[in-house]
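Trainee: Need the 3D shape of this:
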Amino acid sequence: MSKVKNYYWDEAEKYIDQLITKIKNDELTVESAVAEAQKTDHAFQLCGIHSMDDLSECLYNEVS
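Mentor: Have a look, this model is predicted:
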């Protein structure tokens, strides 16, 4: 079970890192990144992100 959990945790972190990179490269805004993330099935809660408001806050903190 631990390997599966770690896999999904890593996938969620990679996806968030990709969103941060796209925002920093002016390919996305924070709002559009959150909208894009809502369409995925990543396990953000494993990263401590339990709502899209949490994700928005995380992205704003990372890019500012």
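Trainee: Could you pick out the longest helix of this structure?
Mentor: As assigned by DSSP state H, the longest helix anywhere in the chain is helix 2-24.
Trainee: contacting residues around it?
Mentor: Residues outside helix 2-24 that contact it (CB atoms under 8 Å, 6 or more residues apart in numbering): 28-30, 33, 36-37, 40, 42-44, 46-47, 49, 55, 58-59, 62-63. All C-beta atoms are positioned from the backbone trio N, CA, C, and that covers glycine.
Trainee: next one: it to chain centre, how far?
Mentor: 7 Å (CA atoms, centre = their mean, to the nearest Å).
Trainee: If you count neighbours, what's buried in that helix?
Mentor: 8, 9, 12, 15, 16, 19, 20, 23 (16 or more other CB atoms under 10 Å).
Trainee: same deal with stretch 56-64?
Mentor: 56, 58, 59.
Trainee: can you give me the mean pLDDT across that stretch?
Mentor: Here stretch 56-64 scores 94 as its mean pLDDT.
Trainee: Which residue lies nearest the spatial centre of this protein?
Mentor: The residue lying closest to the centre of the chain (CA atoms, centre = their mean) is residue 16, at 3.0 Å.
Trainee: and that residue, how far is that from residue 61?
Mentor: Counting by CB to CB, to the nearest Å, the gap from residue 16 to residue 61 is 12 Å.
Trainee: same deal with residue 35?
Mentor: With CB to CB as the criterion, residue 35 and residue 61 are 18 Å apart.
Trainee: Can I get the buried residues of stretch 56-64 in JSON lines including distance to residue 3 and secondary structure?
Mentor: Converted to JSON lines, these look like this (distance: CB to CB, whole Å; DSSP: H, G, I helix; E, B strand; the rest coil):
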{"residue": "56", "distance to residue 3": "30", "secondary structure": "helix"}
{"residue": "58", "distance to residue 3": "25", "secondary structure": "helix"}
{"residue": "59", "distance to residue 3": "28", "secondary structure": "helix"}
